[in-house]
Every structure is written in structure tokens, then in C-alpha cells.
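# Give me a model of this one.
(chains A and B)
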2 protein chains.
Amino acid sequence: MLSFGDRLAAAVAERESQVVLGLDPDPARLLPQASRAAGEGTAAERAARAVVAHCRALIDAAAPACVGTKLQLACFERLGAPGWQAAQDVGRAARAAGLLFIADGKRGDVPHTTIAYAQALLAGTETPWGKVAGLGADAVTANPMLGRDALEPLVEAARVAGAGVFVLVRTSNPGAGELQDADSGGAPWHELLARLVDDLGTGGTGPLADVGAVVGATQPELVARLRERMPRAPFLLPGIGAQGGSVDELRAAFAPGRGGALVTAARSLVEPALDAGDARAAAEAAERLRDQAWKLSS
Amino acid sequence: MLSFGDRLAAAVAERESQVVLGLDPDPARLLPQASRAAGEGTAAERAARAVVAHCRALIDAAAPACVGTKLQLACFERLGAPGWQAAQDVGRAARAAGLLFIADGKRGDVPHTTIAYAQALLAGTETPWGKVAGLGADAVTANPMLGRDALEPLVEAARVAGAGVFVLVRTSNPGAGELQDADSGGAPWHELLARLVDDLGTGGTGPLADVGAVVGATQPELVARLRERMPRAPFLLPGIGAQGGSVDELRAAFAPGRGGALVTAARSLVEPALDAGDARAAAEAAERLRDQAWKLSS
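Now for the predicted structure:
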């Protein structure tokens, strides 16, 4: 079993891309063919079917420019049981298209419960009636606030599956600083998180560990400082485009190599497709982002 | 529309209980009648049906001693789409039994995504195919690490629905202190969370606000200090029983009145029922806990 760090480096090299297509589908704003795919049934069933068609169209169009896709679980959960099934279907479609599937749920709970989240998102659950499949994600996002003992069961479950965990270290929302930058013994609180990430990760044969960090892309100097603190952690960089982050300022993130950072973009890729009514516009936006990041990381 | 604080105070007064039945069902360890209810279908469908029967039996038996039930969403998510449906069914059964339904998912995300979580857990989602119902919880748990702007949309959505938000302030797991107690300008970091909770909550006509705090019950002196910092916040106290907390040391939590704290117990109520193969053993354990807490809060 290859470690996630090695898998990630290989995937980036093979696809010559660090772009992650962020999917946070809004049932009120889908591609035209998606609405036509809604079919019959309850509102939840129709919306979920439309969401799957929307996401599949985006994946089919944009996959050649991407290395992964990130599903925002909240947007699937809000469609109830059919929505959870939709997440499973879209995850499967992403993997079939050769993309890494990142389940973005930012889960975090006490150790006993973390095991249940790991079963839900990764390898599944043994029951007296047979095994129930999990989402089968290649990586998940996690909230570290509950501490090391609460993260460890997730990291261990991911490691067994060759999957990765991206731990929130410094998020990109405007209010993130109030708590995450609070002075803690002369350094911002989030540096405690960076140390934890650096500690928890295990390397493969290459330069990347299997525990990564979510670092908002809106503050380049922060990215550079956190790269020093976590030299081996793959970075997941949200906030490109719609949230104001620019790729050109993120060179430091790629210090461990081309797989050192994944550039996540959702609205900045999907909105052009919605405006044009054509998924190919997302592919074009993804190609531009791919070129930017690839040149930067050379 | 009554505010959550007023609804909570009224429910505690009416039911003469502060006990919350924690449900974190393990499909490998269910009541005997639950396994018989599994029926036919996929492993996920059978396990989910059994989980519903298990939870319903516990609710039916223990409801008279309780004021609410708390569903650990991880344990439902791990059964896929049927598991999400099971959470909906169990939540409905809890409300039919007169219990407050607390959805324990500890969600936390950027503001845009928090809205989607609020739709999933509370009032539902408008779609072009009609409204998709949410879980319809009376209260949810939330992770505050992303900051005030990330919590606000959840608090606002809950307020509109007369529901509450219990924000993690200091959790009960052994490793919680490393990050949550980090010195932040002379006070532990979690006091920043306490201030945020106190700020975000709005009162009704009574003494309780609609934003509460999750405070681990394993350190009584901590509960007392946090009660001073958050005089109006309802406390959700996990860690009673299995995690080592004792009710007798939690008097301070009830300072705002009998509805000032909810005492959550999962394993310490459910294990006796599993050992006896009879849900009535959970009812007996819940009655004992109800008496302890009720006397303490007089």
C-alpha cells in the first residue's frame, strides 16, 4: 500500500496538475442538463439526481485539467438520504475519471466518535449484515480543535487505507483570525496546530507526509511561514479566486515539490460554466489555473 | 415563536428532567428486538432499520425520564444514505415522544458552507423541485474554530426556527487541554470561546439564551468558572458516567435555573440495557440520573 504522500506526488506528476475542482452544488443553480436529469420522485430525490448530473458534467469536462475533486459534504447532506447517496455517486465518478476524491466535512469529535466518522468517510463499517461501504475518499478534511487524541483514530484509519487527512490549520474566512491567530505563548494559536500536523504525519518514500494542512490562500506570507513549520505536509489551499487568493503568491507552498500543494477552486471554476450554461467553461478556467500553478511550482 | 432558551426552560420544567439520552448506535451491539427488525435488503438498509428499532425502543422506554435525546450523527452517517434516513426517523420518533432532538454533528465551516449545514440540520432547503426537509433538530452542536463569522449563519438560522446552538467550549476527551487550554494572553484559549458564546446568544423572556455551550463534565471547577463567564448560556454536559464525570459536582452549571444545564449520558444509560437485553434498564438508569440532577438543581 502506497502512503498518501507518495500517491499524491505520483498523481500530480502524472496529471501535471495541482488543481482540485471544488464541488459545492446549489440545487437552485445547476447546469441546464442537470435540471433535465432530475426525473421523477420526491424533491430530495429529484434534486439529488440533478446534483449528480451537474457534478458529473463538471468532472467529465474539467478532469483532464485537474488532479482531484473536493466535495463539500454540507451541500450533499442538505438533500437528505438521496443527497448522501449523491455524494457517494459523485465520489465514484471522480475516481473513475482518475481524480483523487477529497471529502470535505471538517469533522472533529472525541476519539470514540472519530472512529465512526472514519468509517463513514473512508473504509466502511462491519455490521452483522455485512460490510457497509464508506464514502471511499482518498482524503478527508478534519477539524483539530478537540486535540491530538481525537485526530489520531482518523489518521490511523486513513493510513491503513492509503488515504490522507488535511487538518485545518488556518482557514480563509474573514473572521478566522479572532480565534486561530490568538497569541498563545508568543506565537499564534494556529502554530500549535501546525506542530500537531507536522508530528502526526508519516512519510512514504518521497518528501510528502500523509497528514496535510488546510491553509487559506488569502495570506501569502502566512503560507510561507506555515510551510517552514510543516516542511513535509501537503497543503490544501482553498480561497483561490472567489475568496480573493491568487496563485502567484503561493510559491512557498510548493517547496517540498510539485505535489506539495493542491490548489482548490470551486466558484471560480464553476461560475463561468453556470454563466455559459456549459461545463466546458469550467474546463477552460481549470486549464488556466493549472498552467499558473504548474509554472509556479517548477 | 418562542426562543430556544424559553423552550428549553419550559421543557425541563414540564418533564422535571434535565437528562438527555445520548444515542450513538453501534450496529454490532443493538437490543435483541432491533436485530429482528433488520428485515431484508442491503447491509446498509438492514443495519439502518435495526438501528432505528434500537433507538426507538430506548426512546420509548427512557423518554419519561428524559427531556431530550442527542443523536451522534457520525454513527448514522456510517450507514450511508439509509443511515441518514435513520437519523431523520429517530429524530422524528424523539419529537413524537415529547423530547427535544439535538443533532450532534459538531459542524463548523466557512460562512457560505455553514448555511448549507444549517439547511441540512434545521429547516431544510428550497429547490426547484420543492422543499427538501432538514433533520428538523431542536438544537445542534457546533465547532467554533472558524470564528464568529462562521457561526453566525447557523445561529441566525436556528433563531428563526426557535432552535438552539450548543457551541463546543471545552470538551471532555483526555487530550482536549493541549489546544483548548493553551494560554492566550493570561487565560486559556477556550475562554475566548466562552466570550463568543456569551456574545452570540440572545435571551427570550427567561434567564436562558439561545446559544449554549458544550462543556465536558469531567472537571467540575472548570464548569463553575465557565458558568461565571457565560451566565445565560444553557450548558450541554457530556461525559457523565462512562467518561468519569459525576452529577453531584455540577451544581454551578444550574445557576441560571433548572434548565441551565442538560446532562447527557449515552453509554451509562444504554450499556445496562444492552447487558440486560431490555430497554427498560436504560429507563431505570435514566431515572436515577434524573433524580440526582433534579435534586442538585433545586
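
# could you point out which element follows the top helix by length along chain A?
Criterion DSSP state H: the longest helix present in chain A is helix A:43-62. Downstream of helix A:43-62, the first helix or strand assigned by DSSP states H and E is strand A:68-72.

# Hmm, A:Leu208 is touching A:Gly259, no?
Yes - the pair A:Leu208 / A:Gly259 is scored as a contact, 5.7 Å apart, by C-beta atoms under 8 Å. To be clear about C-beta, it is placed using only N, CA and C from the backbone, and glycine gets the same treatment.

# So for these two, which residue has more residues nearby?
For A:Leu208 versus A:Gly259, neighbours defined as other C-beta atoms under 10 Å in any protein chain shown are more numerous around A:Leu208 (27 against 23).

# what's the closest non-adjacent residue to the more buried one?
Nearest residue to A:Leu208, sequence neighbours excluded (C-beta to C-beta, 6 or more residues apart in numbering or on different chains): A:Gly5, at 3.2 Å.

# That neighbour is in contact with A:Gly204, isn't it?
Yes - using C-beta under 8 Å, A:Gly5 is in contact with A:Gly204, at 4.8 Å.

# do you know how far the residue at the greatest distance from the centre of chain A is from A:Ala217?
Ranked by distance from the centre of chain A (C-alpha atoms, centre = their mean), the top residue is A:Pro128, with 32.3 Å. Distance of A:Pro128 to A:Ala217, given as C-beta to C-beta, to the nearest Å: 46 Å.

# cool, and A:Ala74?
In this view, A:Ala74 and A:Ala217 are 20 Å apart by C-beta to C-beta.

# Check A:Ala194 too.
16 Å.

# what does A:Asp24 give?
Taken as C-beta to C-beta, the span from A:Asp24 to A:Ala217 is 16 Å.

# do A:Ala293 as well
Look at A:Ala293 and A:Ala217: by C-beta to C-beta, they are 11 Å apart.

# related to what we said a few turns ago, the more surrounded of A:Ala194 and A:Ala217?
Between A:Ala194 and A:Ala217, A:Ala217 has the larger neighbour count (other C-beta under 10 Å), namely 27 against 23.

# Check which helix or strand that one maps to.
According to DSSP H and E, A:Ala217 maps onto no helix or strand at all.

# Just to check, it is in contact with A:Ile240?
Yes - assessed by C-beta under 8 Å, A:Ala217 is found in contact with A:Ile240 at 5.2 Å.

# got a list of what A:Val52 touches?
Applying C-beta atoms under 8 Å, 6 or more residues apart in numbering or on different chains, we find A:Val52 in contact with A:37, A:86, A:89-90, A:93.

# hmm, back to that, now list whatever residues contact both of A:Leu208 and A:Gly259.
The contact lists of A:Leu208 and A:Gly259 share A:5, A:8-9, A:234, where a contact means C-beta under 8 Å, 6+ apart.

# Next, check the residues you listed against the strands and list the overlap.
Nothing among these maps onto strands, per DSSP state E.

# Including neighbour count, could the residues you listed go into CSV?
Formatted as CSV, those follow (neighbours: other C-beta atoms under 10 Å in any protein chain shown):
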residue, neighbour count
A:Gly5, 27
A:Leu8, 30
A:Ala9, 23
A:Pro234, 29
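
# how close does A:Asn173 get to B:Thr113?
Distance from A:Asn173 to B:Thr113, by C-beta to C-beta: 9 Å.

# about what we covered before: for the residue nearest to A:Leu208, list the residues it contacts.
Neighbouring residues of A:Gly5 by C-beta under 8 Å, 6+ apart: A:164, A:201, A:203-204, A:206-210, A:232, A:234, A:259.

# again, but for A:Leu21
Residues in contact with A:Leu21 (C-beta under 8 Å, 6+ apart) are A:58-59, A:62-63, A:66, A:68-70, A:99, A:265-266, A:269, A:282, A:286.

# hang on, the earlier thing: touching both of A:Gly5 and A:Gly204, which residues are there?
Taking C-beta under 8 Å, 6+ apart as the criterion, A:Gly5 and A:Gly204 both touch A:Asp210.

# Please identify the buried residues of the longest helix of chain A?
A:43-59, A:61-62 (16 or more other C-beta atoms under 10 Å in any protein chain shown).

# and what of stretch A:92-110?
Buried, per 16+ other C-beta under 10 Å, within stretch A:92-110: A:93-95, A:97, A:99-110.

# got the CA positions of it in PDB?
Output in PDB follows, covering the C-alpha atoms of stretch A:92-110 (Å, rounded to 0.1, in the frame of the first residue of the first chain):
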ATOM      1  CA  ARG A  92     -17.200   7.200  -7.500                       C
ATOM      2  CA  ALA A  93     -17.400   9.300 -10.700                       C
ATOM      3  CA  ALA A  94     -14.400  11.300  -9.700                       C
ATOM      4  CA  ARG A  95     -12.300   8.300  -9.000                       C
ATOM      5  CA  ALA A  96     -13.500   6.700 -12.300                       C
ATOM      6  CA  ALA A  97     -12.200   9.900 -14.000                       C
ATOM      7  CA  GLY A  98      -8.800   9.400 -12.400                       C
ATOM      8  CA  LEU A  99      -9.200  12.100  -9.800                       C
ATOM      9  CA  LEU A 100      -8.400  12.000  -6.100                       C
ATOM     10  CA  PHE A 101     -11.600  12.300  -4.100                       C
ATOM     11  CA  ILE A 102     -11.400  14.600  -1.100                       C
ATOM     12  CA  ALA A 103     -14.400  14.500   1.300                       C
ATOM     13  CA  ASP A 104     -14.600  18.000   2.800                       C
ATOM     14  CA  GLY A 105     -16.600  17.600   6.000                       C
ATOM     15  CA  LYS A 106     -14.200  19.200   8.600                       C
ATOM     16  CA  ARG A 107     -15.200  16.500  11.100                       C
ATOM     17  CA  GLY A 108     -13.800  16.600  14.600                       C
ATOM     18  CA  ASP A 109     -15.100  14.800  17.700                       C
ATOM     19  CA  VAL A 110     -14.000  12.700  20.700                       C
END
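
# and it, anywhere near chain B?
Yes - applying C-beta under 8 Å from any C-beta of the partner chain, one finds stretch A:92-110 touching chain B at A:106-110.

# Name the member of those residues with the shortest distance to chain B.
Among the residues of stretch A:92-110 next to chain B, A:Val110 lies closest to chain B (C-beta to the nearest C-beta), at 4.3 Å.

# For the closest one, which residues are in contact?
A:146, A:150, B:171-173 are the contacts of A:Val110 under C-beta under 8 Å, 6+ apart.

# Strands along chain A, start to end?
A:19-23, A:68-72, A:100-107, A:125-127, A:130-132, A:139-142, A:164-170, A:183-184, A:187-188, A:211-215, A:235-237, A:261-265.

# Turn these into TSV, columns for mean pLDDT.
Listed next are the strands of chain A as TSV, based on pLDDT from 0 to 100:
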stretch	mean pLDDT
strand A:19-23	98
strand A:68-72	98
strand A:100-107	98
strand A:125-127	98
strand A:130-132	98
strand A:139-142	98
strand A:164-170	98
strand A:183-184	93
strand A:187-188	96
strand A:211-215	98
strand A:235-237	97
strand A:261-265	95
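
# Can you tell me which of the contacts of A:Leu21 is nearest chain B?
Nearest to chain B among these: A:Ala266, at 9.4 Å, using C-beta to the nearest C-beta.

# How many residues are close by the closest one?
Residues within reach of A:Ala266, counting by other C-beta under 10 Å, total 24.

# same question, A:Ala261
31.

# my read: it touches A:Pro238, true?
No - contact criterion C-beta under 8 Å: A:Ala261 and A:Pro238 do not qualify, at 11.3 Å.

# got the angle for the longest helix of chain A vs strand A:19-23?
Taking axes from the mean of the first three to the mean of the last three C-alpha atoms, to 10 degrees, one finds helix A:43-62 and strand A:19-23 inclined to each other by 160 degrees.

# First-to-last residue distance for stretch A:231-239?
21 Å (C-alpha to C-alpha, to the nearest Å).

# got the buried residues for it?
A:232-239.

# Likewise for stretch A:271-280?
Neighbour-count burial for stretch A:271-280, counted by 16+ other C-beta under 10 Å, picks out A:271-274, A:278-279.
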